[in-house]
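In: Please work out how this folds:
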Amino acid sequence: FHLHADEAWVAWDFTKPQDRKRAWERIRAEEPFLVIGSPPCTMFSRLQLNLNAKKMGKVEWEKRRRTAETLLVFAVAVYKLQVLAGRHFLHEHPAGATSWNHPAIVKLRARHGVDAVVAHQCEFGLRTSAEGGGQASARKPTRCMSSSPAAPEALSRTCQAGHAHAAPSTHPTPPTTHPRALS
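Out: The predicted structure is shown next:
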């Protein structure tokens, strides 16, 4: 939803209750087999906490954290709806994100039939700027959680060490070809 506008060409904004309500209605009406979610992970990043929390100030940090938590909890509620309806979800966040310790995620992860795996993005073609110019593979460990048995199986690829990695970057370059892990 967040990547596209609705039928009236209005962009989705799940920080707004009315957009969350519209999304619920659409999901219930369309009954998608698989919902893929990746709510913003910035406020769950250890790097953000270490580097920017003090610069931002306590009030602004807490406001942004609450917004991030609203989006995460909304995603989990959608995932739960999918599971209860016999359908599936796929959720991804960086493997080291603190969101994996959020009570809503922990509870969902404990459900029967929900599995999580760590994937290294370099195995799916993620590249980033390399020191001295050019590009190199970006490992970027990412955890994926799903109710679909096929998703963790397809995504549980870890680095085979057949290539060099660039130092971590905040601006990785998407794969040159779109990985179709679930096709």
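In: Residue 11 versus residue 19, what's the distance?
Out: For residue 19, the distance to residue 11 equals 9 Å [CB to CB, to the nearest Å]. From N, CA and C alone the C-beta is placed, and that goes for glycine too.
In: Settle it for me: which of these two has more neighbours?
Out: Neighbours per residue, other CB atoms under 10 Å: of residue 19 and residue 11, the larger number sits with residue 19, 18 against 11.
In: which SS class is that one?
Out: Put simply, residue 19 is helix when judged by DSSP: H, G, I helix; E, B strand; the rest coil.
In: For it, give me the pLDDT.
Out: Listed pLDDT for residue 19 reads 93.
In: so it makes contact with residue 26?
Out: No: with contact defined as CB atoms under 8 Å, residue 19 does not count as touching residue 26 (10.5 Å).
In: where do the contact lists of these two overlap?
Out: Common neighbours of residue 19 and residue 26, counting by CB atoms under 8 Å, 6 or more residues apart in numbering, are residue 1.
In: so how far is residue 110 from the residue nearest to residue 141 when sequence neighbours are not counted?
Out: Distance criterion CB to CB, 6 or more residues apart in numbering; nearest residue to residue 141, sequence neighbours excluded, is residue 95 at 3.8 Å. Distance of residue 95 to residue 110, given as CB to CB: 18 Å.
In: Among these two, which residue is more densely surrounded?
Out: Higher neighbour count among residue 95 and residue 110: residue 95, with 16 against 8, using other CB under 10 Å.
In: Surely residue 115 is in contact with residue 150?
Out: No: at 10.6 Å, residue 115 does not count as touching residue 150 under the criterion of CB under 8 Å.
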